Structures are given as C-alpha cells and as structure tokens.
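> quick one, fold the following:
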Amino acid sequence: MSLCTECFKKGNHYRHDFNMFLSQAGGACDCGDTSVMKETGFCDRHGPNAAVNKSVAPSNLMCVAEAMMPRIILRLIQHLRENCKMGVPDYRGAIHEADAYLTMLLDLNNMGALMRHVMTSALTNPQKYRGLMDPSVLTGQSEYDSYCQDSNKIYQHAVKSLPNPEPPDEYKECVSLQEHLEHTTFLEELMFWTVAYEFPQKLVCLLLNMLPDPDYKEALTRAFVLHYSRISMMLERSTDPDTLSNRVVHVSVQLFSNEKLALRMVDQLKLLHVMVISLKYMMSKILIQNTLHDPDKNFHYVVDCGRQVMKEHCYWPLVSDLNNVLSHKPVAVRFMSDNTLLEMWFDFLSMFQGMNVNQRELSQHVEFEPNTYYAAFSAELEASAYPMWALVSHLRGPESASLSRQVLSFCLTALQDWLDAVNYTDPNVSDSLQVSFHLPLHRYLAVFMCQAIRQQGATLHELLPPTDMLHLLMMHPLRVQVSAHFSFRFN
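Next comes the predicted model:
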C-alpha cells in the first residue's frame, strides 16, 4: 500500500500497526482505492462523502485539452523513436533531452482528476492511436509522411530487437508470450519504450502518477504484463542490473498488490505462466553440467553460480513479483491447481538442486569462501524458499489438502528424475569429500509434507514415497549435516 503524507495524516489510522518509509521515486497514492484499503481509512478528500455537494464541471471545459492531448503524447513517442539505440549504453541522453517535456506532462497530471482523465483517455484509446500511428494511411508524398514512415521503421526494428523467451508450444498463442509485439494504444507503446530505455525514473513516475484512474490502472497493468517476458531479457543484459531491478519492482509492486487485478491478469494474460517461463529461460542460459558424485555418469545440469545473473541477483525482480502475486490466496490456489505450472516450477527448482558442489580441501586452509558460495545461498533463499513459504501460508485446513497432495506429487516426480539424472541408485557411495548444500526439492517435500500432516489432517503413511526411494532421499540431507559438523569442528 502507498499513501501520500497528507492522506495518511487525514485518514483514520488510530491504533493501526504500520511501518512508514518515504519513497524518493514517486508513485501513486492508494487512498480512495477500495481494492487496496478499507473506506474507513480514507481521508476526507477520498472518502465516501468526498463528492457530495460538488458541482459537475462543464462538458466543454476540457475540449481543447482533449483535442491536443493525443498529439502531445505523440510527440513524446516520436522523440523516443528518433533516439532509440537498442543495446547502446548512451540511451540516457534522449531521456535527459525529454526531461522538460516529461515535467510538463507531470504538471498536467498534477492539475487534478479532470486533466488526468483527459490524459488517460488519450493513452488508452485504440482509435486515437490508430488514427495517428497507422502506417497504412501514409502516402509518403509530404515531408511529414516520410518522417512518419522512417519513424515506423525504427519502431519496428526496435520491437524485433527486444525478444521474448521461447514459450512452450501450448502457450505460443498466449498474447503475453507471442514473439511479435502488437501495440494498440499509446500506453502500450509507451510501456515498450519504458522497457527499452530501462525504466527511466521520470517516465516511470509519469506512468505511476496516473494510477488513481481505475480504468487506467488496469490498462497499465495489462501493458506491463504484455511486456513482462521481455523485461527478464533486459535484466540479464543490463549494465546496471541493480538500478533497473529497483525500478522494475517499483512499478510492479503497485500493480500486483491489488488482488482482483492480479487475478484478472492471471486468468486473462497467463501472468503466472509468463513469470515462471521468464525465470526458467533466464536460468536455462547459464546451465553447466553438475559434478555431484561421478561426473561421467551425471547428466543433470545446474546453474553456474559464477555468472552475472546469479552474482548480481538479476532474477530478483521476477521472484519478488511472483511472491507478491502468490500472497493473494486465489492466485496461489490457481498456481497449485495447474499441472503445467507445477511441472515448469519444479523443472525450474531442479536447476538449483545440487548446484555449487563444495570439494573438501585437504592440503591447505581456505581463508575466504568464493563469491559463488554467497550467490548460491541467496538464489536458493530468494528464488526457491520465499515462493514456497508464500504458497504454504495458504494451506491451513483440510479443505486445501488436495493442493498439498498435488504439489507433493510433482515434487516426488522431480526428485525421482533428479536421482536418475545424477545416477544415484545406491546410498553407499564413496565420495565423502564433496557435498552440495542446495537441495530445494528436498525442502519442498519436507515443508509441504509437514504442513499436510500438521494442519490438513493427512497421514505420514499416505504421503511417504516407497521405502527404497526414501532411503535415497535421506542421504543427501544427512551428508549436509555431516559436512556442516566437520566444518564446524575443524574451523
């Protein structure tokens, strides 16, 4: 939830438990949005009686603004097209040149709800976008027509230069995962340029400051989801992933915190599938052969913890957004009820299973652990454990026991596939000098099994795998315990 200082002070928050921090990057105040907070906490300007005894504005008051606004937005789009240099670090110059123009748009938005509505209407109206941007109506006979044709070529090239992850065949027709982007409004193209220019702060502020308009909020969320898979590509190739990550999350946290809106995006645009596919794709590009046990017989692949994606936590915004939407129970239920999602998710977790194998050093003292050590633990915590606890938090009674069984079924299948891949068929393996501390599949099995038994009335007998598989599953956590004990004794 985000509140401006004025609305917070005027709202009824007596005896409420809250933490306050001041955002330096702008945003939208949620006061007045019933999907985010209760009406009792609204200030007097946004409460149920805020519009009482207020006169309606004359219908022709904003006619000049309505006529001009599409072309004002068009000029910003044209500037972003003109200065597009995909993959070139010096993109900031174009944003700096547009600073005064963006300030003007922010000032227009700050004039109040009437002007904001004019702006959001221009941004979200497909007819206005088509009327000014459709290349088929250009004849090329005038200088402006020639300019627009060149502008469109730059735009088309930029769209092709921002690829998306390859989706599974069954989701290639999903609009949010299609290879070729098709924009239908100024807002959708403006979101594209926001991604391409790596979320410039003032442009992000402009997009967020118009969120009090409920129709615009849904349109912005749809535009964001349509480009979401491409954001993951930007994160991994960015020269400043930390700054980009913070700016991405600054947008997504305000859009996905609304439960009803997040659920619509899940149902209509396959948001959960987009998130998981994006995460899988990001990690699939940094896989190396696992060296656990006998490397010659191990055909399992794990993430390379020495790569930038891991060391710079480029995956963090995607995981943060996933945790955000999974905090909504209806979304979490959708996740745990979808066989395809669960299969993809455990495929993703398998990329961390047995990663960063530690080899015991016998000849000399290791003074400092390598950077990969920290990267591996951070990744397992953020990308595996946090989503797990978000899911488990919704499994509180017998009515959701079927969901726990569903998750456990896919988890056991993934564990069996992993045992086969690392060729671990006998618990008596003589490789005591190596160990991996990272067993996310085991963690999921233990936590969901514990939750099902303690909170949902399940029995251990019905959940445990066959005895021979159970013996194999026990060995790797035991190896971690033993290695930790020896490490403590000899350090």
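
> which strands and helices lie in contact with the helix or strand containing Phe346?
Per DSSP states H and E: Phe346 is located in helix 339-350. Judged by 3 or more CB pairs under 8 Å, 6 or more residues apart in numbering; DSSP states H and E, helix 339-350 is in contact with helix 271-284, helix 329-337, helix 401-421, helix 440-455. From N, CA and C alone the C-beta is placed, and that goes for glycine too.

> 6 Å - rerun?
helix 271-284, helix 401-421 (3 or more CB pairs under 6 Å, 6 or more residues apart in numbering; DSSP states H and E).

> what about the following helix or strand past the first one, average pLDDT?
For helix 271-284, the following helix or strand on the C-terminal side (DSSP H and E) is strand 287-289. Per-residue pLDDT values across strand 287-289 average out to 95.

> return the list of strands paired to the next helix or strand along the chain from strand 287-289, each annotated with direction.
Next helix or strand after strand 287-289 toward the C-terminus (DSSP H and E): strand 301-303. Strands that pair with strand 301-303, judged by DSSP bridges, come out as strand 287-289 (antiparallel).

> contacts for the strand it pairs with next, please.
Outside strand 287-289, the residues that touch it by CB atoms under 6 Å, 6 or more residues apart in numbering are Tyr301, Asp304.

> buried set for that strand?
Neighbour-count burial for strand 287-289, counted by 16 or more other CB atoms under 10 Å, picks out no residue.

> any low-confidence regions in the chain?
1, 17-28, 35, 46-55, 85-91, 138-140, 360-370, 430-432, 484-491 (pLDDT under 70).

> can I see the domain layout of it?
1-44, 62-257, 262-490 (the TED database).

> any chance of these in a markdown table, plus distance to Val56?
Shown next, in a markdown table, are these (distance: least, CB to CB, whole Å):
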| stretch | distance to Val56 |
| --- | --- |
| domain 1-44 | 19 |
| domain 62-257 | 11 |
| domain 262-490 | 31 |
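
> sorry, back to before: ok, and which of the helices and strands packed on helix 339-350 has the densest surroundings?
Neighbour counts averaged per stretch over these are highest for helix 271-284, at a mean of 23; criterion: mean count of other CB atoms under 10 Å.

> ok, and what's touching that helix?
Looking at what lies outside helix 271-284 - CB under 6 Å, 6+ apart - the contacts are 165, 167, 171, 176, 225, 228-229, 232, 236, 265-266, 303, 315, 318, 322, 335, 341, 344-345, 348, 351.

> again, 7 Å this time
Residues from elsewhere that reach helix 271-284 (CB atoms under 7 Å, 6 or more residues apart in numbering): 165, 167, 171, 176-177, 225, 228-229, 232, 236, 265-266, 303, 309, 314-315, 318, 321-322, 325, 334-335, 341, 344-345, 347-348, 351.

> separate out the buried members of these.
165, 167, 171, 176-177, 225, 228-229, 232, 236, 265-266, 303, 309, 314-315, 318, 321-322, 325, 334-335, 341, 344-345, 347-348, 351.

> enumerate every residue touching the most centrally placed residue in the chain.
Nearest residue to the geometric centre of the chain (CA atoms, centre = their mean): Leu318, 3.1 Å. Applying CB under 7 Å, 6+ apart, one finds that Leu318 lies in contact with Ser232, Met275, Ser278, Leu279.

> now distance to Val118 too, for those residues, in JSON lines please.
Listed next are the contacts of Leu318 as JSON lines, based on distance: CB to CB, whole Å:
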{"residue": "Ser232", "distance to Val118": "34"}
{"residue": "Met275", "distance to Val118": "34"}
{"residue": "Ser278", "distance to Val118": "35"}
{"residue": "Leu279", "distance to Val118": "39"}
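
> and those residues, which is closest to Pro466?
Closest to Pro466 out of these is Leu279 (31.3 Å), distances taken as CB to CB.

> enumerate every residue touching Val159.
Leu181.

> about what we covered before: between helix 401-421 and the helix holding Phe346, find me the angle.
50 degrees (axes from the mean of the first three to the mean of the last three CA atoms, to 10 degrees).

> report the angle between helix 339-350 and helix 329-337.
80 degrees.

> just the CA trace of helix 339-350, in CSV.
C-alpha atoms of helix 339-350 as CSV (Å, rounded to 0.1, in the frame of the first residue of the first chain):
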residue,chain,number,x,y,z
ASN,A,339,-0.4,-29.1,-13.6
THR,A,340,1.6,-27.3,-16.3
LEU,A,341,2.6,-24.6,-13.9
LEU,A,342,3.7,-27.1,-11.2
GLU,A,343,5.7,-29.1,-13.8
MET,A,344,7.5,-26.0,-15.0
TRP,A,345,8.1,-24.7,-11.5
PHE,A,346,9.8,-28.0,-10.3
ASP,A,347,11.8,-28.0,-13.6
PHE,A,348,13.0,-24.5,-12.5
LEU,A,349,13.8,-25.7,-9.0
SER,A,350,15.7,-28.6,-10.3
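
> packing partners for the following helix or strand past that helix?
Downstream of helix 339-350, the next assigned helix or strand under DSSP H and E is strand 358-359. Under the contact definition 3 or more CB pairs under 7 Å, 6 or more residues apart in numbering; DSSP states H and E, strand 358-359 sits against strand 434-435.

> strands paired with the strand it packs on, and their directions?
Strand pairing for strand 434-435, using DSSP bridges, gives strand 358-359 (antiparallel).

> check which helices and strands the next helix or strand after the partner strand sits against.
Downstream of strand 358-359, the first helix or strand assigned by DSSP H and E is helix 371-379. The contact analysis (3+ CB pairs under 7 Å, 6+ apart) places helix 371-379 against helix 308-311.

> picking that back up, export the helices and strands packed on helix 339-350 to TSV and tack on distance to His16?
Putting the helices and strands packed on helix 339-350 into TSV (distance: least, CB to CB, whole Å) gives the following:
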stretch	distance to His16
helix 271-284	30
helix 401-421	32
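
> which one of the ones you listed lies nearest to Leu76?
Across the helices and strands packed on helix 339-350, Leu76 has its closest neighbour in helix 271-284 (27.2 Å, CB to CB).

> and that closest one with helix 329-337, angle?
Using the same axes, to 10 degrees: helix 271-284 against helix 329-337 is 60 degrees.

> next, the angle helix 371-379 makes with helix 271-284.
170 degrees.

> CA-only coordinates of helix 271-284 in PDB, if you can.
In PDB, the C-alpha atoms belonging to helix 271-284 read as follows (Å, rounded to 0.1, in the frame of the first residue of the first chain):
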ATOM      1  CA  LEU A 271       0.600 -13.900 -15.700                       C
ATOM      2  CA  LEU A 272       1.800 -16.900 -13.600                       C
ATOM      3  CA  HIS A 273       2.900 -18.800 -16.700                       C
ATOM      4  CA  VAL A 274       4.700 -15.700 -18.000                       C
ATOM      5  CA  MET A 275       6.600 -15.300 -14.700                       C
ATOM      6  CA  VAL A 276       7.700 -18.900 -14.400                       C
ATOM      7  CA  ILE A 277       8.600 -19.200 -18.100                       C
ATOM      8  CA  SER A 278      10.700 -16.000 -17.800                       C
ATOM      9  CA  LEU A 279      12.500 -17.300 -14.700                       C
ATOM     10  CA  LYS A 280      13.200 -20.700 -16.400                       C
ATOM     11  CA  TYR A 281      14.500 -19.000 -19.500                       C
ATOM     12  CA  MET A 282      16.800 -16.700 -17.500                       C
ATOM     13  CA  MET A 283      18.400 -19.700 -15.700                       C
ATOM     14  CA  SER A 284      18.400 -22.100 -18.700                       C
END
